[in-house]
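K.L.:
sequence first, predicted model second:
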Amino acid sequence: MVLVSISRKIVFNVPSLLPEAPGTPVVRSSDTELVDRPSDDVPERERGADGRKLAMLVDVSQALTGTLNLQAGLYGVLEVLQRHCGALRGAITLLEEESGLLVVEAALGYPRPAGRVRYRMGEGVTGMVAQSGVPTVVPRVSREPRFLHRAASRGQREEEITFICVPVTLDGGTIGTLAIEERYLNGRVAERTVHALRIAAGMIAQALRIQRLVDQERRQLVEENTQLKQELRERYDFSHIIGNSGPMRRVFEQVSQVVDTAATVLVRGESGTGKELIAHALHHHSPRAGKPFIRVNCAALPETLVESELFGYERGAFTGALARRKGRFELADGGTLFLDEIGELSPSTQAKLLRVIQEREFERLGGTATIPVDVRLITATSKNLERAQAEGTFREDLYYRLNVFTICVPPLRERKSDILLLADHFVEKYARLHGRSIKRISTPAIDMLVSYHWPGNVRELENTIERAILVADGDVIHGHHLSPTLQTAEGSGTVVTGSLGEAVAAFESNLIQDALKTTRGNRARAARFLSTTERIINYKIRRYGIDPHRFRD
């Protein structure tokens, strides 16, 4: 039997809900007429049928919007059609972008197939509807040769059925189909069912649009999250902790020993040595890297707020506590909690912290419920905890709980060989940040950096280089660009006690070394650079004991 197209307009009492333009043709078998009734001669039972169809569409909308799982919503739509339209079976196919095939995403009433049923575009009635974008009615499936019976064989259909299939269109293209099977009744098909299915298909299309937008946003968030985690991991990679001196190599060895464990770590060192950087590296290279890293500066919090910040509080625990608030321990559950300047905690807070470390549980301020936590604790201090114990300001039992694995970060004055590495790193960092073309540090300026005792450690060096970047008027940082502290002889311990001739000789030696550094140890080029002769340069090199070979690399 051949399927033909008819151009007769199907009448529906709610034309504003139709997703397609009026007059869309419906493909049908030539031996069956669609029921058309003028709107001014509709019996009372027909109006009741329209009310039921509207109720069905409301249920379809609720099925799609009542869940975040699209497939569950599609099954809900089929259940609504089964309940309201008396459908024996129903199926929804969607176009698979990778293969270009129509795949049955939801089916109701069919025997469970061995695999997902697929159709090529134009294959069978379903493929034809998807390709043409025109609703199709097959009044008697047994007489239609193009009906493929893939979801259910002919023998599994006990009675004659009518197959109705409508396209699911989005942005002018077909993305799937919606089909139901009804009992064949006297060769007549209710046109309201076709129109109701078209509206339901429009609702499915909008649900698919929302689902695609949500999936796209979710993918973007996952990609951004992955990228941010990778950036954090790279930022706090051990290779970015600059230093190759003996004390720093010992620090790296200690970090590698404890990084894969959950042991409590105490990082000790003067202010500005990079204790927090060590803590970040310990977390981002540990098995807890995907969990929270919560930092608390105990010295920056008033004594009255430390307890509520660490353990949280219940509503009404004190004046102003209008709602429950989680503490830092609870926020860090599963991850790492970094307590900086742990030596500044009050004795009462120390006692409560000791209990949390021992029992791995605590109570919020003003609450009675015990909250278990799984937190790796990393603490840091620039305070002499042994002296604090002797003075009675730090609990001895807490000290032994925190001192499981100690990492001592050396001050900058004990790692002089790292000063130039750190300075070059900060020059590159802040030149890029401030848009300056600073290329190097002059030899006299390097001598000033190495000679200084750096009471503020790496933090002071970083601030000094940033200031020099801002005040430099060329592409080289000279000694007069450094902070006044470095240029004060008393402050740096570099008081000149020699004669004027010695000072001039020192300046001349520095000038020649700077020229040799520029020319990679080439004495002839250095002489031209200083507008003098190579003989004079060689004489000065011998006089001041300068080794040009060390500048070749």
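P.N.:
That came through fine. Everything numeric in this text was worked out from a predicted model, so none of it was measured.
K.L.:
which element is V129 on?
P.N.:
V129 is part of helix 124-132 when elements are defined by DSSP states H and E.
K.L.:
L339 now?
P.N.:
Assigned by DSSP H and E, L339 falls in strand 336-340.
K.L.:
could you list the low-pLDDT ranges of the protein?
P.N.:
Residue ranges of the chain with pLDDT under 70: 1-50, 53, 112-115, 153-158, 186-190, 229-240, 488-498, 553.
K.L.:
state the distance from the most centrally placed residue in it to E330.
P.N.:
For the chain, N225 is the residue whose C-alpha lies nearest the centre (CA atoms, centre = their mean; 1.1 Å). Distance, N225 to E330, by CB to CB, to the nearest Å: 22 Å. In short, each C-beta sits where N, CA and C put it, glycine included.
K.L.:
you'd agree Y399 is in a strand?
P.N.:
No: counting by DSSP: H, G, I helix; E, B strand; the rest coil, one finds Y399 to be helix, located in no strand.
K.L.:
can you get me a residue count around V476?
P.N.:
15 (other CB atoms under 10 Å).
K.L.:
list the contacts for it?
P.N.:
By CB atoms under 8 Å, 6 or more residues apart in numbering, the residues touching V476 are I438, K439, R440, I441, S442.
K.L.:
packing partners for the longest helix belonging to the chain?
P.N.:
Determined from DSSP state H, the single longest helix within the chain is helix 191-235. Contacts defined by 3 or more CB pairs under 8 Å, 6 or more residues apart in numbering; DSSP states H and E place helix 191-235 against helix 44-65, helix 70-85, strand 161-170, strand 173-183, helix 275-284.
K.L.:
returning to what we had before: which strands and helices sit next to whichever helix or strand comes after the helix holding V129?
P.N.:
Downstream of helix 124-132, the first helix or strand assigned by DSSP H and E is strand 136-138. If you count contacts as 3+ CB pairs under 8 Å, 6+ apart, strand 136-138 packs onto strand 26-29, helix 124-132, strand 161-170.
K.L.:
pretty sure P372 contacts E363?
P.N.:
No: the pair P372 and E363 does not pass the contact test of CB atoms under 8 Å, sitting 11.1 Å apart.
K.L.:
tell me how many other residues crowd the closest residue to A323 other than its chain neighbours.
P.N.:
Leaving aside its chain neighbours, A323 sits nearest to R315 (5.4 Å; criterion: CB to CB, 6 or more residues apart in numbering). Residues near R315, counting by other CB under 10 Å, number 12.
K.L.:
need the contact list for E396.
P.N.:
Neighbouring residues of E396 by CB under 8 Å, 6+ apart: Q389.
K.L.:
gap between it and L353?
P.N.:
For E396 relative to L353 (CB to CB), the value is 14 Å.
K.L.:
kindly report the same for P347.
P.N.:
According to CB to CB, P347 and L353 sit 11 Å apart.
K.L.:
now swap in L277 and tell me
P.N.:
From L277 over to L353 (counting by CB to CB), the distance is 24 Å.
K.L.:
who's more crowded, those two?
P.N.:
The neighbour count for L277 versus L353, taken as other CB under 10 Å, is higher for L353 (26 against 17).
K.L.:
next secondary structure after the helix or strand containing the more buried one?
P.N.:
Per DSSP H and E: L353 is located in helix 347-359. Under the assignment DSSP H and E, the closest C-terminal helix or strand after helix 347-359 is strand 361-363.
K.L.:
would you map the helices across the stretch 301-450 of the chain?
P.N.:
Remark: helices assigned in the stretch 301-450 of the chain by DSSP state H, counting those that start in this stretch are 303-311, 328-331, 347-359, 385-391, 396-402, 419-434, 443-451.
K.L.:
need those helices in TSV with distance to H283, can you?
P.N.:
Shown next, in TSV, are the helices of the stretch 301-450 of the chain (distance: least, CB to CB, whole Å):
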stretch	distance to H283
helix 303-311	18
helix 328-331	14
helix 347-359	18
helix 385-391	22
helix 396-402	17
helix 419-434	22
helix 443-451	32
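K.L.:
dump the helices and strands packed on strand 136-138 into JSON lines; add distance to L422 and mean neighbour count as well.
P.N.:
Converted to JSON lines, the helices and strands packed on strand 136-138 look like this (distance: least, CB to CB, whole Å; neighbours: other CB atoms under 10 Å):
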{"stretch": "strand 26-29", "distance to L422": "78", "mean neighbour count": "20"}
{"stretch": "helix 124-132", "distance to L422": "66", "mean neighbour count": "22"}
{"stretch": "strand 161-170", "distance to L422": "58", "mean neighbour count": "24"}
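K.L.:
tabulate those in TSV, adding columns for distance to T485.
P.N.:
Output for these, formatted as TSV (distance: least, CB to CB, whole Å):
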stretch	distance to T485
strand 26-29	89
helix 124-132	78
strand 161-170	68
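K.L.:
mind checking the ones you listed for the one nearest to V77?
P.N.:
V77 sits nearest to strand 161-170 of all the helices and strands packed on strand 136-138, at 10.9 Å, using CB to CB.
K.L.:
right, and the residue nearest to A323 touches R364 too?
P.N.:
No: here R315 does not reach R364: they are 10.0 Å apart, not a contact under CB under 8 Å.
K.L.:
mind giving me the packing neighbours of the helix holding L353?
P.N.:
Helix 347-359 packs on helix 303-311, strand 361-363, helix 396-402, going by 3+ CB pairs under 8 Å, 6+ apart.
K.L.:
returning to what we had before: which of the helices of the stretch 301-450 of the chain sits closest to K291?
P.N.:
Taking CB to CB, helix 328-331 is the member of the helices of the stretch 301-450 of the chain nearest to K291, at 10.6 Å.
K.L.:
so what touches that closest one?
P.N.:
Against helix 328-331 from outside (CB under 8 Å, 6+ apart): 292, 294, 296, 309-312, 337, 356, 362, 371, 373, 375.
K.L.:
change it to 6 Å
P.N.:
Residues from elsewhere that reach helix 328-331, judged by CB atoms under 6 Å, 6 or more residues apart in numbering: I294, V296, E309, L310, G312, V373, V375.
K.L.:
same question for stretch 381-393.
P.N.:
Contacts of stretch 381-393 (CB under 6 Å, 6+ apart): E270, S271, E341, I342, G343, F394, E396, Y399.
K.L.:
if you set the cut-off to 7 Å instead, what comes out?
P.N.:
For stretch 381-393, contacts defined as CB atoms under 7 Å, 6 or more residues apart in numbering pick out R268, G269, E270, S271, E341, I342, G343, F394, E396, Y399.
K.L.:
distance to L421 added to those residues, as CSV?
P.N.:
Shown next, in CSV, are the contacts of stretch 381-393 (distance: CB to CB, whole Å):
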residue, distance to L421
R268, 23
G269, 18
E270, 19
S271, 21
E341, 27
I342, 30
G343, 30
F394, 35
E396, 40
Y399, 34
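K.L.:
buried among those? Need that as a selection in PyMOL.
P.N.:
In PyMOL syntax, the buried subset of the contacts of stretch 381-393 is picked out as below (16 or more other CB atoms under 10 Å):
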select buried, resi 268+269+270+341+342+343+394+399
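K.L.:
and of the contacts of stretch 381-393, the nearest to L88?
P.N.:
The closest of the contacts of stretch 381-393, once distances to L88 are taken by CB to CB, is I342, at 71.9 Å.
K.L.:
any idea how far the closest one is from A503?
P.N.:
49 Å.
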